[in-house]
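**Student:** Make a model of this:
(2 chains)
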Number of protein chains: 2
Amino acid sequence: MVPHLVTALTGPLLDLEKKILAATPAIERWFRLEWQEHTPPFYCSVDLRNAGFKLAPVDTNLFPGGFNHLAPEMLPLAVQAAMAAIDKYCPDAKNVILIPESNYGDVSYLQNVARLIQIFRQTGLNIRLGCWNCKEVTKIDLPDGTSLSVEPLQRSGNGRRGVLQKFDPCTIILNNDLATGLPPILDNIHEQNLLPPLHAGWTVRRKNNHFAAYDEVAKKFGKLIDVDPWMLNPLFAKCGEINLLASEGEDALKTAIDGVLSKIRKKYKEYGIKEKPFVIVKGNASTDGRGILTVRDTKELSELLRRADLKVGKDDTALTDVVVQEGVYTFERISEAVTEPVVYMIDRYVIGGYYRVHAERGTDENLNIPGSHLVPLAFAQQHAIPDVHARPGTTAPNRFYMYGVVARLALLAASLEMERTDPNPEVY
Amino acid sequence: MVPHLVTALTGPLLDLEKKILAATPAIERWFRLEWQEHTPPFYCSVDLRNAGFKLAPVDTNLFPGGFNHLAPEMLPLAVQAAMAAIDKYCPDAKNVILIPESNYGDVSYLQNVARLIQIFRQTGLNIRLGCWNCKEVTKIDLPDGTSLSVEPLQRSGNGRRGVLQKFDPCTIILNNDLATGLPPILDNIHEQNLLPPLHAGWTVRRKNNHFAAYDEVAKKFGKLIDVDPWMLNPLFAKCGEINLLASEGEDALKTAIDGVLSKIRKKYKEYGIKEKPFVIVKGNASTDGRGILTVRDTKELSELLRRADLKVGKDDTALTDVVVQEGVYTFERISEAVTEPVVYMIDRYVIGGYYRVHAERGTDENLNIPGSHLVPLAFAQQHAIPDVHARPGTTAPNRFYMYGVVARLALLAASLEMERTDPNPEVY
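**Tutor:** Presented below is the predicted three-dimensional model:
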């Protein structure tokens, strides 16, 4: 299915697009060289926002769900990329454990797990599901008549490996973002790969570290293709040590927001952009859409906070550490509804994507909330590859190439972030 | 397009198929470990013959044409595999030269070249076409309104590199099989990759070396999955120092053929196969379909030789060195016409395939001659990957997995062959 997109994007984005397309060989070479220095995350999905005058990643997910929403034709590409990844981590692999989220009531998520199983199985690996918070094997039925079986994770005899009953893998893949804490059974795993590493989990990970790494990547890339890195990078500020639920730190937050809004205003002025600047306030350590505020003016902050859900995470903790991120308008629409692209990668390869669409949200609002639906990017638009002979702005593959580039910039930033936040860097 | 295949394959092949599917994780692991030891050819196509009781590669092409006959949906898979290959040879690449065959009148071949250009361009490389037997830039128009431009290859200032005007590549890809000789301009290329290497060309390459390497691979693989390697491997004998055009060596050939026929008879008896054994006699150093004889009985040899075209190659040289290969029936049919699968690989990845179909040929005859047509394998059958939950023999993907395995066995044999026949092994 090929979604119909409003491509009435003129001005700066076309410039950016032209520059990216013209620099394709330099860009691909640059990525190849960066991947000689840095190891990409095992897998990753990136939410992008395309404002016409800028295109930026707004969320980099290291435990991507939603593989079931990729077009089925993408599967071979995912399998081939997973083969390349496994080859790197553990060529003698036969067995892999996948640890999913434990919300077994979410059918869509379970279908994502089923798709991941399919990808690994098709690389020729034996794959079984593990959990750390279960005592016995749990069978979960899926609507299509198949079922998933989740088995208790154990430590092996010498205690250095995570295993299932009669199943000793060379790699444990996490699809559980560890938002509820680091399970002790995953501590000090040796002789095995744990992908992504524990410090990618939301118990440890902080968005501001990612944004800082992305700043650096965007700067370097901006230099390569000669564009202002701001065209690819939302401004941000961190605002910690607050507790909005207890009304502590509202002034600090106001100052942070005003700081970012004023920088955006300056940039908008520089490029003659008439839109109204806004920021997104979100938890520094959470993935879900709760507690995400759109703020256009700090005068309205108190009122917004009063109405907002200031608890975050699966266990309803108070929001005490937030980031203020430049809001990026999304000017893409499918059948009038506001939409943003999400790009999926395995290892360093773009393997698919979809549009997240929400009919009742504005161009300056978070779309990753109930009520949104997903439109897979069909194969014709899926090449992640430009045809430099096509005119920029006229064909979908060109536009998707740019998405593939910006998503990989976020992927590279995640790689730097993981290196820098590694509590045991000597392990590398 | 999904070709309709007669899948009335019972008995031993189903056994073989079951064994291959059951051993998938072991097989994929085995390939991963082999590729740690051996470098796969840059690209490769393999002709397979499926006799029901056995499945075997009969031709391993290191300069594959026919990329244009792969289904267009395969393109991203090819691009991703080419990206992985380039990454290995030369991550800092921006430029690549492709050297095609010089028969500019063959539109289908030119479309193959255009497809290869598309693949490389989509990996983000600048690609230009080179020739060693031309003095100036040649522009060739294609039916779709586009054109190809072939430029004279030169040696660079220091003489160590092959370049085009203002274009210095890190890699030169040969799609010219060098059947007409080794061009001096490609001698002693340093500081650049020449892929495949010169000794892969038919000036140097001999089929018996490939068959010998394949013997070894099939033996090892047969042990892995516990099948008689003969199920995957045609018997062969080399018969050199003959000149059939001058009627020299007919007796030696007769002896070689009788030797192979007698071995086949023994195997057919062992497995209760009722078919009539036959052999294929082909040039040890040629790719084309000319000079290929099907022999069922050496009594008919003289008569066959009288009627045969005993010249080979693009320059009509006499057939002086032949291999006698066990004939493998092909029991696959599309709309009643005899057909055989051809599998394409880039680096170690299966990236597509097609069926070669010939309505006027028998199940024991070479199909790679004028009058054949090609049916691309469509995406649904293209996963190169088994679903172990599907019942063997009932679904196309399963069958294609086996093809993907056997084609990769030939790929691995080509890799061993190239190592062993390398005139400058220290270069590796």
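
**Student:** Residue numbers of the stretch 51-200 of chain A in contact with chain B?
**Tutor:** Residues of the stretch 51-200 of chain A that fall close to chain B, judged by CB under 8 Å from any CB of the partner chain: A:73, A:75-77, A:79-81, A:83-84, A:86-87, A:91-95, A:118, A:121-126. Bear in mind the C-beta positions are built from the backbone N, C-alpha and C, glycine included.

**Student:** at 7 Å what do you get?
**Tutor:** Within the stretch 51-200 of chain A, the positions near chain B by CB under 7 Å from any CB of the partner chain are A:73, A:75-77, A:79-81, A:84, A:87, A:91-94, A:121-126.

**Student:** Now do A:Ile27 against A:Ile225, distance only.
**Tutor:** Taking CB to CB, to the nearest Å as the criterion, A:Ile27 is separated from A:Ile225 by 7 Å.

**Student:** Keep only those of the residues of the stretch 51-200 of chain A next to chain B that are in strands.
**Tutor:** Cross-referencing these against strands under DSSP state E gives A:Asn126.

**Student:** filter the residues of the stretch 51-200 of chain A next to chain B to the buried ones?
**Tutor:** Among those, those buried by neighbour count (16 or more other CB atoms under 10 Å in any protein chain shown) are A:73, A:75-77, A:79-81, A:84, A:87, A:93-94, A:121-126.

**Student:** show me what contacts the residue nearest to A:Glu101 when sequence neighbours are not counted?
**Tutor:** Take A:Glu101 and drop its neighbours on the chain: the residue closest to it by CB to CB, 6 or more residues apart in numbering or on different chains is A:Asn176, 5.0 Å away. A:Asn176 sits next to A:63, A:99-101 when contact means CB atoms under 7 Å, 6 or more residues apart in numbering or on different chains.

**Student:** just A:Arg296 next, same as before
**Tutor:** For A:Arg296, the contact set (CB under 7 Å, 6+ apart) comprises A:276, A:278.

**Student:** Which stretches in chain A count as helices?
**Tutor:** Here chain A has its helices, by DSSP state H, at A:12-22, A:24-37, A:75-89, A:107-122, A:207-225, A:250-270, A:301-307, A:396-420.

**Student:** Those: lowest mean pLDDT?
**Tutor:** Per-stretch mean pLDDT for those is lowest at helix A:12-22 (a mean of 76).

**Student:** Please provide the alpha-carbon coordinates for stretch A:297-305, formatted as PDB.
**Tutor:** The C-alpha coordinates for stretch A:297-305 follow below in PDB (Å, rounded to 0.1, in the frame of the first residue of the first chain):
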ATOM      1  CA  ASP A 297       3.900  30.100  25.500                       C
ATOM      2  CA  THR A 298       5.100  29.800  29.100                       C
ATOM      3  CA  LYS A 299       2.200  32.000  30.100                       C
ATOM      4  CA  GLU A 300       0.000  28.900  29.600                       C
ATOM      5  CA  LEU A 301       2.400  26.600  31.500                       C
ATOM      6  CA  SER A 302       0.700  26.500  34.800                       C
ATOM      7  CA  GLU A 303      -2.700  25.800  33.200                       C
ATOM      8  CA  LEU A 304      -1.200  23.100  31.100                       C
ATOM      9  CA  LEU A 305       0.500  21.400  34.100                       C
END
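
**Student:** Surely A:Gly327 is in contact with A:Leu293?
**Tutor:** No: assessed by CB atoms under 7 Å, A:Gly327 is found out of contact with A:Leu293, at 10.2 Å.

**Student:** Which one's more surrounded, those two?
**Tutor:** Set side by side, A:Gly327 and A:Leu293 show more neighbours around A:Gly327, with 28 against 24, by other CB atoms under 10 Å in any protein chain shown.

**Student:** mind checking how far the more buried one is from A:Leu261?
**Tutor:** Distance of A:Gly327 to A:Leu261, given as CB to CB: 9 Å.

**Student:** overlap in contacts of the two?
**Tutor:** Common neighbours of A:Gly327 and A:Leu261, using CB under 7 Å, 6+ apart, are A:Val279.

**Student:** Next one: the residue lying closest to A:Ala212 once chain neighbours are set aside relative to A:Glu216, how far apart?
**Tutor:** The shortest distance from A:Ala212 to any non-neighbouring residue, by CB to CB, 6+ apart, is to A:Glu417 (7.8 Å). As for A:Glu417, its distance to A:Glu216 is 10 Å (criterion: CB to CB).

**Student:** Have a look at the two and say which one is more surrounded.
**Tutor:** Per other CB under 10 Å, whichever of A:Glu417 and A:Glu216 has more neighbours is A:Glu417, with 28 against 14.

**Student:** Close to chain B: what parts of the stretch 201-350 of chain A are there?
**Tutor:** By CB under 7 Å from any CB, the residues of the stretch 201-350 of chain A that approach chain B are A:Tyr349.

**Student:** Whatever residue of the stretch 201-350 of chain A ends up closest to chain B - how many residues pack around it?
**Tutor:** Chain B sits closest to A:Tyr349 of the stretch 201-350 of chain A, with a gap of 5.7 Å, by CB to the nearest CB. Using other CB under 10 Å, the number of residues around A:Tyr349 comes to 26.

**Student:** do A:Lys267 as well
**Tutor:** Look at A:Lys267: counted by other CB under 10 Å, it has 17 neighbours.

**Student:** Quick check: closest non-adjacent residue to it.
**Tutor:** A:Trp230 (5.6 Å).

**Student:** okay but the residue of the stretch 201-350 of chain A closest to chain B is in contact with B:Gln80, surely?
**Tutor:** Yes: at 5.7 Å, A:Tyr349 and B:Gln80 qualify as touching, with contact defined as CB under 7 Å.

**Student:** which neighbours do the two share?
**Tutor:** Common contacts of A:Tyr349 and B:Gln80 (CB under 7 Å, 6+ apart): A:Ala81.

**Student:** quick revisit: please enumerate the shared neighbours of A:Ile27 and A:Ile225.
**Tutor:** Residues touching both A:Ile27 and A:Ile225 comprise A:Ile20, with contact defined as CB under 7 Å, 6+ apart.

**Student:** Which of these two has more residues huddled nearby?
**Tutor:** Neighbours per residue, other CB under 10 Å: of A:Ile27 and A:Ile225, the larger number sits with A:Ile27, 23 against 19.

**Student:** Next step: the contacts of A:Asn176 restricted to strands.
**Tutor:** Using DSSP E, the members of those that fall in strands are A:Ile99.

**Student:** what's the neighbour count on the closest residue to A:Gly66 other than its chain neighbours?
**Tutor:** What sits nearest to A:Gly66 in space, not counting adjacent residues and going by CB to CB, 6+ apart, is A:Asn112, at 5.7 Å. A:Asn112 has 21 neighbouring residues, counting by other CB under 10 Å.
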